[in-house]
Structures are given as C-alpha cells and as structure tokens.
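> Let me see the structure of the following:
(one chain, ligands or ions: 2)
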Amino acid sequence: MCLRSIFQIASRRFRTTLVNPVMSSKPNVVFVLGGPGAGKGTQCERIVKDFGYIHLSAGELLRAERNKPNSEVGALIEKHITEGTIVPVKITCGLLAQAMVETMAVDANKNNFLVDGFPRNKDNLDGWNSEMGDKSNVRFVLFFDCDEQVCMNRCLARGQAGSGRSDDNVDSLKKRIQTYHDSTMPIIDYYNQQKLVRQINAGRPVDEVCLVLIIVLYTYYCHFTV
Ligand SMILES: Nc1ncnc2c1ncn2[C@@H]1O[C@H](COP(=O)(O)OP(=O)(O)OP(=O)(O)O)[C@@H](O)[C@H]1O
Ligand SMILES: O=c1ccn([C@@H]2O[C@H](COP(=O)(O)O)[C@@H](O)[C@H]2O)c(=O)[nH]1
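Numbers count the residues shown, from 1 in each chain. Ligands and ions are numbered 1, 2, ... in the order given. Just a heads-up that it's a prediction; the model follows:
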C-alpha cells in the first residue's frame, strides 16, 4: 500500500476521532517543538493538509507583525530574531491568542491548533499558563528531535534557496541553537515530566518523518475512542 493511501485511510479515521471525543469550545492545542530546521513547519503543513488542523507558527506570526509598517514592536521582534533570542511572551501569546480567536470566530469547529515553535522558554511557558491556561486545552507536545548539524545544514540550505529569513545564516544559527539548548530544552523536559511529550526522530527523510508522525497522532487519538 502506498504512503498516500495510508495518509488517506488514517486521516479519514483521524478526523472522526479528532472532532468527536475532544470536542470543546476551547481551542485544543498541540505544541510543536524542536531545533531550528528540525522540520516542524514542513510536517505541520502536511498534517494540516491531511488531518484538518490549523497550523499557527509563532515565528511566522512574529515575522508578519514585524513586517507591518506601523508595528510598535517590529524593531524589537527583528532584534530578537537576528540575535536568536526570544521575544517577550506578551507579544507572542497575544498574536497566538488573536489568531485562535479569529479562526474560531469564522468556524467554531476549527479549534484544533498545531502551535509551532512555542513555548520556547520559561517566560513563554509562564505567560501562556497565566493567559491561556484556563482558556485552552494543551493536549500534548510533539518534539522533533534532530541532530544539531543536520538542523544547521537545513537552515543554511533554506537560506541559500532564498528563504529571505534574516536568521538563516551561520551567526544567527549558532545563537538560535544555543537558545534552543539553554531555554527550550528545559521546556521540553518540563512537559516530558508530565508525560505529554511525543518524540519523533526528525533526522529522517520528510516522508518517513511524516509517517511516524501520523502513527504518533493516530495512536494518541485512538485513546479517546476505545
Ligand atoms: N526531514 C527532512 N529532510 C530534509 N530536509 C528537510 C526535512 N524536513 C524539512 N526539511 C527542509 O529543511 C528546512 C527547514 O525545515 P522547516 O522550515 O520545516 O523547519 P523548522 O523546524 O520549521 O525550522 P524553523 O524553526 O527554523 O522555522 C526546509 O528547507 C525544509 O524543506
Ligand atoms: O515563540 C516564539 C517563536 C519565535 N521566536 C523568534 O522567531 C525566531 C524564528 O522562529 P522560527 O520558529 O524558527 O520561525 C526565533 O529564533 C525567535 O527569535 C520567538 O521569539 N518566540
């Protein structure tokens, strides 16, 4: 059976399990974490396509805010992006919450979100818990585990292919990887202690990572139907 057929069968079944047992007026959130270039965005887009999640990339939301000509926080965001440091949670959480509210205002059933690249440090975690803790259901955390050099090479290749990102260069990447180790890994550890982490070997080719991801998601949601 080809990979496409497996996607189709799994996604049909998955949509039913996703919609019914975890039905909630609050947004259901799956955090997606991993190093820069681990493939979070690539895989989230696939899941969106096949399983009907809404993909919210915190980095994309920040870049969009930065690009607004009149943004009061645009310069601050850009400084953090090039330095590989983390934007204050008030800004990021505000953008995420706004995106969720706007999505659900259009269609209340669109309440399953893949939140990609957040929470990245303790400030993010604390800010999320105080602002969104009661207003959302964090279901679990997908951890894209990928070798540092592989991450670096992927981001450099992305930059060379014309990503236009001001942080796809060696200087920014070294800082981003350092921030990932110092600030984001403790957040993954925190969720791991709560048994909420689903770890994925993200060093494999895209289709293989995707297949593992589907199995992980499917296994999780099957719990709600047995
Ligand atoms: N499994 C994979 N094998 C090879 N290349 C990949 C794989 N997954 C993603 N890529 C490529 O690596 C680059 C980074 O992928 P992607 O943007 O999905 O990573 P990311 O984790 O979202 O990165 P960031 O955190 O920097 O936004 C892209 O050019 C993408 O096409
Ligand atoms: O929650 C977040 C997400 C991102 N940032 C900043 O943006 C860049 C790029 O993020 P990507 O996820 O790689 O697109 C990141 O290095 C941070 O500087 C953030 O501050 N908070």
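
> Glu102 - how many residues pack around it?
9 (other CB atoms under 10 Å). (C-beta placed from N, C-alpha, C; glycine too.)

> what's the distance between it and ligand 1?
Going from Glu102 to ligand 1 by CB to the nearest ligand atom, to the nearest Å gives 22 Å.

> okay, that residue: pLDDT?
Here, the pLDDT recorded for Glu102 equals 97.

> just the one 4 residues further on next, same as before
Here the pLDDT value assigned to Val106 is 95.

> Need the phi and psi values for the residue nearest the centre of the chain.
Nearest to the mean C-alpha position of the chain, counting by CA atoms, centre = their mean, stands Asp116 at 1.3 Å. Reported as degrees, to the nearest 10, the phi and psi values for Asp116 are phi -100, psi 120.

> what is it paired to in the beta sheet?
Beta-bridge partners of Asp116, counted by DSSP bridges, are Val32, Ser57.

> Please name the residues that touch it.
If you count contacts by CB atoms under 8 Å, 6 or more residues apart in numbering, Asp116 has them with Val32, Lys40, Gly41, Cys44, His55, Leu56, Ser57, Ala58, Gly59.

> Quick check: the gap between the fifth one and ligand 2.
For His55, the distance to ligand 2 equals 12 Å [CB to the nearest ligand atom].

> Is that residue within a helix or a strand, and which one?
strand 54-57 (DSSP states H and E).

> Show me what from the protein comes close to ligand 1.
34, 36-42, 59, 117, 154-155, 158, 205-206, 209 (CB under 6 Å from any ligand atom).

> among these, which two are most distant?
Gly59 and Pro205 (23.3 Å; CB to CB).

> The two: which has the busier surroundings?
Neighbours were counted for Gly59 and for Pro205 using other CB under 10 Å; Gly59 has more, 19 against 9.
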